[in-house]
Every structure is written in structure tokens, then in C-alpha cells.
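Colleague: Dropping a prediction and its sequence here:
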Amino acid sequence: TELVVDASVVEAIDPWLADHVVDGTAVVPGVMLLEAMAQVAHALTAQQIAGFNDVRFDNAVTVPDEGVTLRISSLLQDDPDCVEVVIRASDDGFAADRATARVRLGALAATDDHQDLPETPIASSTLYDQLWFNAGLFRRIEATGQVSAFSASARIAPADASRKWFGGYAPQTLLLGDPGARDAGLHLLQACAPQRRVVPVGVDGVEIFEGGKAYCVRAQEIWSDDREFCFDIEWCDDVGCVVEHWTHARFRAIGARPVKDLPIFMLPAVMERAAAIAGAAHNLRIALETGEDATDRRLSCLERLDIAAIQTRMDGKPIVMTGTDISISHTAEHSLAVTSSSVRIACDLINGGERPARRQCDHRLRQALEAKAVPEDRVEAVIWTARECLRKAGAQLDTNLALIDAGRDGVIELRGGGRRLFSA
């Protein structure tokens, strides 16, 4: 059994388009493509949608002012509980697949999986327009937890009751529920790779459960390389009941993005991801705390890194008795702690705008950084902190430092004495 549906997408009928604009171009988000698949599969079978398998977002659907037509083709074959769906678009004559999936049919599963609600102390307003482009109906992350390159959590704001998803006389039926809450879980993952612009390209499985509205979302990285990142994502209601779970959601980097204007709480994610992209993660974990009291900040960093206690050597280096290497650096307002269970690690931190004393060595490195248009005050900061890290790591004082990369993302990689150093 087959059903093919053509659907026009234009802002007059689909006002949500104005809220999902990338570099001036309206783009149909993946969550709306899933909703379209669900609508057609339901029309074909009259059954409830329980989830998806083998979802692929092959090519983006961009929408010009005059709109675009989506062709959603669905096929029910031997498996009565599964509909195969393909979406194509009119802008290329319906030639290329834009999204494909197998839609699973059946009653929503009940789940006993209850999670503790995540702490989300950081207001998201500092990240919208800098890291996330989403607006209006899709601007739904209210606050985040501490973000790392490998995990993230957020609290989702309720939908704006005054806004409608569809205009004119179109019904407001959404078989999968609130697409804005679902999309919030996807654009949250951009925070885990802040120096890359990433897009979703696929997900192995989507499970939808009985429960309330999505109140929070959390994600955990499964694997990554220098171009792709794979996460498991789950949405919970306000009592911690899991209402949706995505298994192996994959995102692909499509370009670099600058990190210099991001708030300082994003520094751990930036540095962890830089090391991961370079293949130098080595079980790296980073914590940053802000406050007036350095002792309190230090203890908070240790707690965040799951370190119960440390001792201090005569030269001041902190030691973890479990064998994990640790380094801690302080400024007047911030504390940075870095750990690794497999390599020697060191960190150093100075305030932005602080101009350290000019070192009389490193002329070639200084010239190389200036040739990459690195501002003079940052050149001195990079050299100063790199030298401090080498000193803390036990390197010779006259170790040569060489520039490896000063990319468009603003993360600088150096090498010296067989060690790799990252600066942001």
C-alpha cells in the first residue's frame, strides 16, 4: 500500500518558518520533517505513531519566499507495524532524497525510567544569537546545566500559547507533540561542539513514551571524530519521566564558527572539543567555576570532576591519590581545573584583557601568531599561558614552542617538548 502526498511549505501557511532562518535563508528543521512523515504514515494506516528507525537527513530543505513543495512518499510493505517514508522537494524537481525513515506504528510504550531532573543554573539568553540561531517558536531552551563537550542538559520553556504553528484555516494537529521542545534538544548539542557549526544527519532510533510534556532534555556523547558527533538524547517531563529517547543521533560539522564572543562558562566545552577534534582528548575533563572565594571555587571544581580530595606536593602541584592527574589555575574571579586519567596534564588561566609581561623569548612563535592576525594582547596571553603550562608539566624552561594551528574558530594549537597545547 502506498500514499504520496504533496505539501506546500510557505511562510503564510507555516509561520514557524520565520523562526528557523540560517544566514538569511529559511530552512525546514528536521523535527518538522519527522512530523510530516508521521502525518502521512498516519493517513495511510490510521495508526498511532510509536517512533522511528533509521532516520536520515540527507539534504537540507531551504524555502525561498515563494515557498517549496514537499513530496512525502510512504509505503507499507510486509511489516504491518512499519511504514517506509521518503521526502523530496520541488526545488530540484524531486530528484534527491531530503529525508528518509521507517515510521513505527503502535501504541505508545509506558516506561518506568525516571530520571533526576538536571540542575540548570545558567540562563540561556547568553547563548541565543551567539551560538543558537533559533527564534520564536523554536527558541525554547530556558536554562542549561554545566555544558561539556561530552554531555549537556537544559530546561525547556513552555510553548508560547499566543503563537500558532500553522496559519490560515490549517488544523493545528501535531501527532508528535511539540516540535519546538524536540528541536531544543537538537540545537542544545551545538553547545557541545561550540567551535563547529553542526547539523543533524541521522538517528538510529526514536522512541516515544507515554508521559507529560517535555520539561527538560539531556544528552550524552557516544562517539565522535573530527567531523561527526554521535549522542543519545532523552526528554523528560516535570516529574522526571522519560517521554522520548533518541538513540545514536548523529551530527556533522559543516564549518567552523568563532568562539571569542562566547561567555566564559563555555570554555570547558571549547577546550574539551578542541582536544577531541585533534585526537588528543585522553579522558580529558574540565571544570570552570566563578565566584569571589578561590577556596569555594576550587572545591566546586573538584566536586564537578568527581574528585573527593587532593593532596599538595611541596612545589604546590595538586595530587589525586587515585592516579588521575590534575591541574588547577585561578584568577581573581575564576578557577579552572583539568583532569586526565591517562596523560600528564596542565592548565593556566588569565583574565581576558589582562596583558601579561612580555617574554623575551618565543620570537618566532610571536611572529607566527601575528601573521595569523592574532591580536597583540592575545599573542602575549597565549605565550604566557603556554609557558606556564609547560612549567607545570615539568618541561625544560627553554623548550621551543611552535604554532600548529590558529583556525577561524579562534582556538590555537601549539606544540612544544612533545606536548600539545590548546588556547582559547
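Modeller: Arrived safely, thanks for sending. Residues are numbered from 1 along each chain as shown.

Colleague: quick one: the nearest residue in space to residue 139 that is not next to it in sequence and residue 285, what's the gap?
Modeller: Counting by C-beta to C-beta, 6 or more residues apart in numbering, residue 128 is the residue found nearest to residue 139 once chain neighbours are left out, at 6.0 Å. Backbone N, C-alpha and C define where each C-beta goes, glycine included. Distance from residue 128 to residue 285, counting by C-beta to C-beta, to the nearest Å: 27 Å.

Colleague: same question, residue 140
Modeller: Remark: distance between residue 140 and residue 285 (C-beta to C-beta) = 29 Å.

Colleague: what sits against the closest residue to residue 178 other than its chain neighbours?
Modeller: Spatial nearest neighbour of residue 178, chain neighbours left out: residue 159 (5.6 Å); criterion: C-beta to C-beta, 6+ apart. Residues near residue 159 by C-beta atoms under 8 Å, 6 or more residues apart in numbering: 137, 140, 178, 180, 181.

Colleague: Can you mark which positions in stretch 308-319 are buried?
Modeller: Applying a neighbour-count criterion of 16 or more other C-beta atoms under 10 Å, one finds 310, 317, 318 buried in stretch 308-319.

Colleague: ok so, going back, who has more neighbours out of residue 128 and residue 285?
Modeller: residue 285 (22 against 14; other C-beta atoms under 10 Å).

Colleague: Find me the pLDDT at the more buried one, would you?
Modeller: Looking at residue 285, its pLDDT is 94.

Colleague: Give the bridge partners for it, please.
Modeller: residue 339 (DSSP bridges).

Colleague: strand partners of the strand ranked longest in the chain, parallel vs antiparallel please.
Modeller: Across the chain, the longest stretch assigned as strand under DSSP state E is strand 242-256. If you go by DSSP bridges, strand 242-256 pairs up with strand 196-208 (antiparallel), strand 228-236 (antiparallel).

Colleague: what's downstream of that strand, the next helix or strand?
Modeller: Sequence-wise, the next helix or strand downstream of strand 242-256 (DSSP states H and E) is helix 267-277.

Colleague: Quick one: the helices in the stretch 101-250 of the chain, in order.
Modeller: For the stretch 101-250 of the chain, the helices defined by DSSP state H, counting those that start in this stretch cover 179-187.

Colleague: Show me the helices in the stretch 251-400 of the chain, by range?
Modeller: Counting by DSSP H, counting those that start in this stretch, the stretch 251-400 of the chain has these helices, from start to end: 267-277, 294-304, 363-371, 376-392.

Colleague: Which one of the ones you listed lies nearest to residue 337?
Modeller: Of all these, helix 294-304 sits nearest to residue 337, with 3.8 Å by C-beta to C-beta.

Colleague: now the buried residues of stretch 308-319 in a markdown table, with pLDDT and distance to residue 232?
Modeller: Output for the buried residues of stretch 308-319, formatted as a markdown table (pLDDT from 0 to 100; distance: C-beta to C-beta, whole Å):
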| residue | pLDDT | distance to residue 232 |
| --- | --- | --- |
| 310 | 81 | 32 |
| 317 | 78 | 37 |
| 318 | 80 | 33 |
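
Colleague: ok, those vs residue 83, which is closest?
Modeller: Lowest distance from residue 83 to those (C-beta to C-beta) belongs to residue 310, with 56.3 Å.

Colleague: wouldn't residue 128 be in contact with residue 140 here?
Modeller: No. Between residue 128 and residue 140 there is no contact under C-beta atoms under 8 Å: 10.1 Å.

Colleague: now the chain, which segments are flagged as low pLDDT?
Modeller: Within the chain, the segments meeting pLDDT under 70 span 314-315, 353-360.

Colleague: For stretch 409-419, buried residues please.
Modeller: 409, 410, 411, 412, 413, 414, 416, 419.

Colleague: Tabulate those (a markdown table), appending distance to residue 107 and secondary structure.
Modeller: Converted to a markdown table, the buried residues of stretch 409-419 look like this (distance: C-beta to C-beta, whole Å; DSSP: H, G, I helix; E, B strand; the rest coil):
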| residue | distance to residue 107 | secondary structure |
| --- | --- | --- |
| 409 | 46 | coil |
| 410 | 50 | coil |
| 411 | 48 | coil |
| 412 | 54 | strand |
| 413 | 52 | strand |
| 414 | 57 | strand |
| 416 | 61 | strand |
| 419 | 57 | strand |
